[in-house]
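Enquirer: Sequence first, then the predicted structure, then my questions.
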Amino acid sequence: MEEHKKAWAEYGCTIMSDGWTDGKNRALINFLVNSPAGTWFLKSIDASDSIKNGTLLFKYLDDVVKEVGEEHVIQVITDNASNYKNAGVKLMEKRKKLWWTPCAAHCIDLMLEDISKMKLFEDTIRPAKQVVKFIYGHTWVLALMRSFTKSKEIIRPAIRRFATSYLTLQTIYKQKQPLQAMFSSREWHNGPFVQHNEGIRARSTILYDVNFWSHVAFCIKSVILLVSVLREVDSEERPAMGFIYELMDVAKEKIAFNCGKVERKYKPIWRRIDERWGLQLHQPLHVAGYYLNPQLRYEETFSNADEVRKGLEDCMTRMLSFEDRMAADIQLDLYDEAKGEFGGRLAVNSRKLQTPGYNFYFFIFIQV
């Protein structure tokens, strides 16, 4: 523990709360601590009797902050449920320098859920699921499909629950011709499922539904970019804090482009995204991470909009003393203009190589 605290003191850290239900139907909460030095499991508690109690959830979070050391904690991440949100607000009221933020991956997964409830998406996903259920529910049909797809599957493991539907749509579309060939083949017509109700329905969807394939294509091109963002923030390859603001902005623009810039096509999708992004995920820390990410800051596409600057200022105001804030402002000028250590050969050459998290943590703690 003490060894890890040295890393937390040097870089700052994030406390992550991960709730799950075990085989005995107990509601367990795992607490982990993350810093640029790595992720460390802290403890697990049984919250079966208190998972819906915001006051007790606040106490659990507060106790963990105290155990880790408030002075080391930059943020606490939980899921987006209202009880956690209320506990997070209380935590920020008590602990004046840290931030509570909802889990980015969970938030984006909920965006996908919201989009899947739109009529066109719902009417496309439902028959696609029925086709998949039929094929994978019968060994003979599955073997026949694999013979036509050359052993390629139409189910893909998903990183999150609601991403599954869109990844499956994507793989179904890639196997459009093999699936059509299968349901038109002599093997199918001579097989045991030609008169099967589910088989008739699946064949009709694949061969005769005049809207199915065009709607599948639309669902993929309009949403798969959001799935890509979900993959990015759920990955452990690099810290997502310095990238999520940019990733979401780029994803929305590409969704509009893929919809031919036709507002009636992309605006309803944007609204579902913004309802989650604006109310839950659009946090000052994410904006500050974007601003302090040298991989993005010195690009021509960098946005120095008022909300970006304000997000950074909100972070500094909350997390720094007046004296440290003055020192940070001086450093920020050097950072913006790429002068001093920020303009040195090593700093310039390593902009695309460094882990952005280090720059973010160092800057906040005035250690650059």
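Expert: Structure's in. What do you need?

Enquirer: Show me the chain divided up by domain.
Expert: Domain ranges of the chain: 2-102, 111-224, 283-364, per automatic domain parsing.

Enquirer: What is the neighbour count of Phe310?
Expert: For residue 310 the amino acid is Lys, not Phe. Neighbourhood size, Lys310 [other CB atoms under 10 Å]: 12. C-betas here are computed from N, CA, C, even on glycine.

Enquirer: for it, what are its contacts?
Expert: By CB atoms under 8 Å, 6 or more residues apart in numbering, the contact set of Lys310 is 284, 287.

Enquirer: hmm, back to that, of all the domains of the chain, which one comes closest to Arg276?
Expert: Of all the domains of the chain, domain 111-224 sits nearest to Arg276, with 4.8 Å by CB to CB.

Enquirer: Ends of the closest one, what's the gap?
Expert: End-to-end distance for domain 111-224, by CA to CA, to the nearest Å: 12 Å.

Enquirer: tell me the average confidence for that domain?
Expert: Here domain 111-224 scores 93 as its mean pLDDT.

Enquirer: same check, this time on stretch 92-107
Expert: pLDDT averaged over stretch 92-107 gives 90.

Enquirer: what do you get for stretch 254-265?
Expert: Stretch 254-265 comes out at a mean pLDDT of 94.

Enquirer: And for it, what's in contact with it?
Expert: Residues contacting stretch 254-265 (CB under 8 Å, 6+ apart): 218, 221-223, 225-226, 266, 269-270.

Enquirer: swap in stretch 283-303?
Expert: With contact meaning CB under 8 Å, 6+ apart, stretch 283-303 is reached by 74-75, 99, 101, 104, 241-246, 249, 307-312, 314-315, 318, 335-336, 338, 342, 347, 351-352, 354, 356, 359-360, 363-364.

Enquirer: hang on, Ser147 is in a helix, isn't it?
Expert: Yes: counting by DSSP: H, G, I helix; E, B strand; the rest coil, one finds Ser147 located in a helix.

Enquirer: any idea how far it is from Trp140?
Expert: From Ser147 over to Trp140 the distance is 11 Å, taken as CB to CB, to the nearest Å.

Enquirer: If we ignore the residues flanking it in sequence, what's nearest the residue nearest in space to the middle of the chain?
Expert: By CA atoms, centre = their mean, the chain has its centre lying nearest to Ala105, at 2.8 Å. In this structure, Ala105 finds its nearest non-sequential neighbour in Asp234, 4.3 Å apart by CB to CB, 6 or more residues apart in numbering.

Enquirer: likewise Thr317?
Expert: In space, and not counting its chain neighbours, Thr317 is closest to Arg325: 7.0 Å by CB to CB, 6+ apart.
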